[in-house]
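# Prediction below, plus the sequence it came from.
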Amino acid sequence: MDYLLQTTGYIFQGAGVTLKLFIITLAVSLPLGFLCAMGKTSKVKSLRLLMELYTSIVRGTPLLLQLFFVYYGLPILIPGLRFERFTAAAVTFILNYGAYFTEIFRGGIQSIERGQYEASRVLGMSYSQTMLRIVLPQTVKRVLPPVSNEAITLVKDTALVVVLGIGEILRNSKEIVSRDFTISPFIIAAGIYLALNYLLVVLFRKLEKRYAVYE
Amino acid sequence: MNREMISAKGLRKNFGNLEVLKGVDLTVSQGEIISIIGPSGSGKSTLLRCLIHLEKASAGSIHIEGEPIVTTSAEGVVHTPHERQVRHRCRKLGMVFQNFNLFPHKTALENVTEALLVVAKQDKKQAEIRGEEMLAKVGLSDKRDTYPCYLSGGQKQRVAIARALAMGPDIMLFDEPTSALDPELIGEVLQVIKQLASERITMLVVTHEMTFAREVSDRVIFMDDGRILEDAAPDKLFTDPDHPRIKTFLEKML
């Protein structure tokens, strides 16, 4: 019993790190995605190209490779730019998920009918007022399902940071597994991932319901 | 009564190689109610959209209450004032669309108050009083908290009219306001427009409702192929038009 409590506690310590990475990534990559989506739908061609370059590179290469690149590659490329392990992971995840959110939001923004812009315009609203008050709120509703998908993927992707030796859920479980020759930590880890994702599903379901008051 | 509200001269608009307006001259005086009729693709809607700068004219000039929206120099260079200035000048115009274009994430009242809050910078209470007044005007006080998806087409269009009126425009533009409606809902929208007409709000109505055009307008403009073919009093245009083209069109419509 004591043993179980101890190991579970250790894995939960890892869950704290996982959760921290998850929250930081979402909190920064969602606004980043919104901003980049605005760039991608803007009239400025150079901005659109820049965003295109960003999303193509990030979405076209493995997240694992990006992790290695930011942690091991950047310090060689730009001497002096050396991230601490967790920071490197957070930066990579933010840039990676930001790119996916950019594409999701771009699709959402472009799905808003032209009539909405025209109605705002003839009422005298500026472009930024139109985006903030008319287009983005409607976009949020439309992108909720894909964003919820990404959030769930993110919970599981955090496990990739094992390769940098960050003590999150998976690494802590694996440590115990190798030490004690038991697979129960893996089951506990799976349980924690499942529980986290279940919470997310419930949360997004609630959000979708709240947005269901209008069509 | 003779104040010039809109003045358009030599207005041209092309989309790529397609010339939709081929030189339109139009003057609208205060209090005038003008219907614009004509076959599809004749440039009626494009004309309205150019006046309120949803489309930028390719040549010619537009003045709203004497202030330029578009001007063209003798050398043929089209000039528009600064975007903010154009937006400000176009606030003298209100527009109602064929497809309503209500904001789906806002209730009927919020649709009406939105621009009052963010453009006219009224405080919430003031805007709501004005909004309720406008909803009452179109007979929809009981729908103030209803989202557009629960409104009928006729009700949607009436909210859209209330929304445009709330900003206190001097001139109302209606772009086929009843074309997207089920036949039994057309009446209630036309009723509201007629009521506005009786208040002598200056308006331009692009419509296919011939009876309405004849009853309500001071002038009827017939457009065909990007030009104004005839601009006359309704009785003249409907009974004795100058152009045989108009006669054929009216025969088909009635």
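In hand now; what should we look at? From a predicted model like this one, the values you see are computed outputs, not experimental measurements. Residues are numbered from 1 along each chain as shown, chains lettered A, B, ... in the order given.
# Identify the residues contacting the closest residue to A:Val213 other than its chain neighbours.
Nearest residue to A:Val213, sequence neighbours excluded (Cβ to Cβ, 6 or more residues apart in numbering or on different chains): B:Tyr147, at 6.4 Å. For every residue, glycine as well, the C-beta is placed using N, CA and C. When contacts are counted by Cβ atoms under 8 Å, 6 or more residues apart in numbering or on different chains, B:Tyr147 touches A:213-215, B:104-108.
# Just name whatever secondary elements whichever strand or helix holds B:Gln195 is in contact with.
Element membership for B:Gln195 (DSSP states H and E) is helix B:183-198. Counting contacts by 3 or more Cβ pairs under 8 Å, 6 or more residues apart in numbering or on different chains; DSSP states H and E, helix B:183-198 packs against helix B:153-166, strand B:202-206, helix B:210-216.
# With mean neighbour count, mean pLDDT and distance to chain A as new columns, can the ones you listed be given to me in JSON lines?
Formatted as JSON lines, the helices and strands packed on helix B:183-198 follow (neighbours: other Cβ atoms under 10 Å in any protein chain shown; pLDDT from 0 to 100; distance: least, Cβ to the nearest Cβ, whole Å):
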{"stretch": "helix B:153-166", "mean neighbour count": "25", "mean pLDDT": "97", "distance to chain A": "7"}
{"stretch": "strand B:202-206", "mean neighbour count": "26", "mean pLDDT": "97", "distance to chain A": "13"}
{"stretch": "helix B:210-216", "mean neighbour count": "18", "mean pLDDT": "94", "distance to chain A": "22"}
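# Throw the ones you listed into CSV and include distance to A:Ile23, thanks.
Shown next, in CSV, are those (distance: least, Cβ to Cβ, whole Å):
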stretch, distance to A:Ile23
helix B:153-166, 40
strand B:202-206, 53
helix B:210-216, 59
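# What about the contacts of B:Tyr147, which one has the most neighbours?
Using other Cβ atoms under 10 Å in any protein chain shown as the neighbour test, the contacts of B:Tyr147 are led by B:Ala108, with 30 neighbours.
# Next one: that residue from chain A, what distance?
Separation of B:Ala108 from chain A (Cβ to the nearest Cβ, to the nearest Å) stands at 11 Å.
# Pretty sure that residue sits against B:Arg144.
Yes - between B:Ala108 and B:Arg144 there is a contact under Cβ atoms under 8 Å: 5.5 Å.
# Apart from its neighbours in sequence, what residue is nearest B:Thr146?
B:Ala108 (5.4 Å).
# before we move on, the earlier item: quick one: common contacting residues for B:Ala108 and B:Arg144?
B:Leu135.
# related to what we said a few turns ago, relative orientation of the helix holding B:Gln195 and helix B:153-166 in degrees?
20 degrees (axes from the mean of the first three to the mean of the last three Cα atoms, to 10 degrees).
# And stretch B:68-83, what's buried?
Within stretch B:68-83, the residues scored as buried using 16 or more other Cβ atoms under 10 Å in any protein chain shown are B:68-72.
# so what's the nearest residue in space to A:Ile169 that is not next to it in sequence up against?
Spatially, and ignoring its direct neighbours in sequence, A:Ile169 is nearest to A:Gly14 (4.3 Å; Cβ to Cβ, 6+ apart). Contact analysis of A:Gly14 by Cβ under 8 Å, 6+ apart lists A:167-173.
# What is the burial count for the residue of the stretch 151-254 of chain B found nearest chain A?
Relative to chain A, the nearest point of the stretch 151-254 of chain B is B:Met167 (6.3 Å; Cβ to the nearest Cβ). Residues near B:Met167, counting by other Cβ under 10 Å, number 20.
# Repeat that for A:Phe68.
14.
# And it, how close does it get to A:Lys20?
A:Phe68 sits 21 Å away from A:Lys20, going by Cβ to Cβ, to the nearest Å.
# Over to B:Thr146?
B:Thr146 is 44 Å from A:Lys20, by Cβ to Cβ.
# what's the answer for A:Leu32, then?
For A:Leu32, the distance to A:Lys20 - Cβ to Cβ - is 18 Å.
# B:Lys124 now?
39 Å.
# between the two, who's got more neighbours?
Regarding B:Lys124 and A:Lys20, a neighbour count based on other Cβ under 10 Å identifies A:Lys20 as having more, with 14 against 10.
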